[in-house]
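Student: this is a predicted model, with the sequence first.
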Amino acid sequence: MLFRRRSLAVKYFIAVFFGAVVYNEWFVYIAQSIYWQNMKCPYDDKYCTKLMFIADPQIQGEMAVPPPLSYLYNWDSDRYLDTTFKIALKYFKPDVLVYLGDLMDEGSIATMTQFHSYVRRLSNIFEVPYPIIQIWLPGDNDIGGENEPIREDKLEEFNKVFNQPSVITYRNISFYKVNGITHSFPHAKEGDDKYRIVVSHYPLLWKSVFGKQVNDAIHPNIYFCAHEHKSKYFIKDKNFRNIFTRSIRPGDDILNIDRNEENIYEIYVPTCSYRMGTDTIGYGAAMLVHNNHHLHYTVLWSPRRFPSLFAYAVFLVIAILYTFVFCLSRIILRCMLVKNSDTTQPLLHTS
């Protein structure tokens, strides 16, 4: 009877475990898109353009955690990014992808061999099955510059690997790549009446001097940045005075910005990695409609990963404890049987 109860408990445990795996590794990602805002182009707008922003993936390196745990950590974080990216890509179908820097966690301190291995991992994670414009920016974790000197060799190597001009044009939109780490930026050409978007890893508008220089040189319609791992937008007036900062949270309405808006907007795109210490993670999604007169923005939120990992840890602890108790009980039972057999007197014995 005891054996049957144990066998039934094991079957229930295995069934619950596989149910948790199906939920955490498949269903939770599919269900997440149900709560995303509707970002479909108007049926009568053939020039509608969709932009998707990927910020701070910071793929795990080889030095933070020693092997063999590093293999497990890297596999899980890479798989999470790959899964969430592909679902967002399939749902939104962007025309342009903008990678806002901090692509690697250890890019600035890695060897060149490691640096290129990280680039290959990024290529596998953010693989797109159709031709698309992709814009790549370096972050401080890629080339240094925040808590360490700028690594000129990594900056040069980044520019070689992601060989792109500082201004990229798609349809009637110009993307201006500003490097807030090296304080370098392109200037707008005279007579350029395209919709101008400044993309940068570091936020720019809070830097009054450098931000003003960028604004005077480009006169962009909007800014997009990353680095802080938070989802929000920052507004200044036309005289470059601060107005306010507002967070963008799950469930918020779509942000609508008119091209004739006098105020200056800078949108902070949240991190897409669950390793950055925040629960609000996802991909920025912007849509330009009606000949770029209106910009709509929202976040395609990703599911939290740590609760799933915690659930797996609980299952592992239960399995280890059960195995330990089961083995210990078998050992104790065997010892008792041996002891009883040694002390039992035969029924018939001779003197």
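Tutor: That came through fine.
Student: next up, the contacts around Tyr312.
Tutor: Tyr312 is in contact with 20, 24, counting by Cβ atoms under 8 Å, 6 or more residues apart in numbering. All C-beta spots, glycine's among them, are computed from the backbone N, C-alpha and C.
Student: phi, psi of it?
Tutor: The phi/psi pair for Tyr312 (degrees, to the nearest 10) reads phi -60, psi -40.
Student: which of the helices and strands in this protein ranks last by mean pLDDT?
Tutor: Ranked by mean pLDDT, DSSP states H and E, the weakest helix or strand in the chain is helix 2-22, scoring a mean of 71.
Student: just the helices in the chain please.
Tutor: Here the chain has its helices, by DSSP state H, at 2-22, 28-32, 69-92, 112-125, 140-143, 152-161, 208-218, 306-343.
Student: what bridges to Ile59?
Tutor: Counting by DSSP bridges, Ile59 is bridged to Met104.
Student: hmm, it is touching Met104, no?
Tutor: Yes - Ile59 is within contact range of Met104, at 5.6 Å (criterion: Cβ atoms under 8 Å).
Student: quick one, which of those two is more surrounded?
Tutor: Applying other Cβ atoms under 10 Å to Ile59 and Met104 shows that Met104 carries more neighbours, namely 28 against 22.
Student: before we move on, the earlier item: and the helices of the chain, which is most packed in?
Tutor: When the helices of the chain are scored by mean count of other Cβ atoms under 10 Å, the highest mean neighbour count falls to helix 140-143 (a mean of 25).
Student: if we can go back for a sec, just put the helices of the chain in a markdown table and tack on distance to His294.
Tutor: As requested, the helices of the chain are exported to a markdown table (distance: least, Cβ to Cβ, whole Å):
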| stretch | distance to His294 |
| --- | --- |
| helix 2-22 | 41 |
| helix 28-32 | 27 |
| helix 69-92 | 17 |
| helix 112-125 | 32 |
| helix 140-143 | 33 |
| helix 152-161 | 34 |
| helix 208-218 | 21 |
| helix 306-343 | 37 |
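Student: out of those, flag the one nearest Asn38.
Tutor: helix 69-92 (10.3 Å; Cβ to Cβ).
Student: show me what contacts the residue most central in space within the chain?
Tutor: Centroid check for the chain by Cα atoms, centre = their mean gives Cys272 as the closest residue, at 1.7 Å. Counting by Cβ under 8 Å, 6+ apart, Cys272 touches 54-57, 81, 84-85, 281-283, 302.
Student: please apply the same query to Ser70.
Tutor: 60, 62, 64 are the contacts of Ser70 under Cβ under 8 Å, 6+ apart.
Student: which residue in these has the weakest pLDDT?
Tutor: Lowest pLDDT among the contacts of Ser70: Ala64, with 76.
Student: could you measure from that one over to Asn74?
Tutor: With the distance defined as Cβ to Cβ, to the nearest Å, Ala64 ends up 10 Å from Asn74.
Student: how close does the nearest residue to Arg305 once chain neighbours are set aside get to Gln37?
Tutor: Spatially, and ignoring its direct neighbours in sequence, Arg305 is nearest to Tyr274 (3.8 Å; Cβ to Cβ, 6 or more residues apart in numbering). Distance from Tyr274 to Gln37, counting by Cβ to Cβ: 21 Å.
Student: go on, Lys154?
Tutor: 37 Å.
Student: kindly report the same for Glu148.
Tutor: For Glu148 relative to Gln37 (Cβ to Cβ), the value is 39 Å.
Student: what about these two, which has more around it?
Tutor: Gln37 (16 against 12).
Student: can I assume that one is in contact with Gly251?
Tutor: No - checked against Cβ under 8 Å, the pair Gln37 and Gly251 is beyond contact range at 9.3 Å.
Student: touching, Asn124 and Asp82? I think so.
Tutor: Yes - contact criterion Cβ under 8 Å: Asn124 and Asp82 qualify, at 7.5 Å.
Student: residue ranges with poor pLDDT in this protein?
Tutor: Along the chain, segments meeting pLDDT under 70 span 1-7, 9, 326, 330, 339-351.
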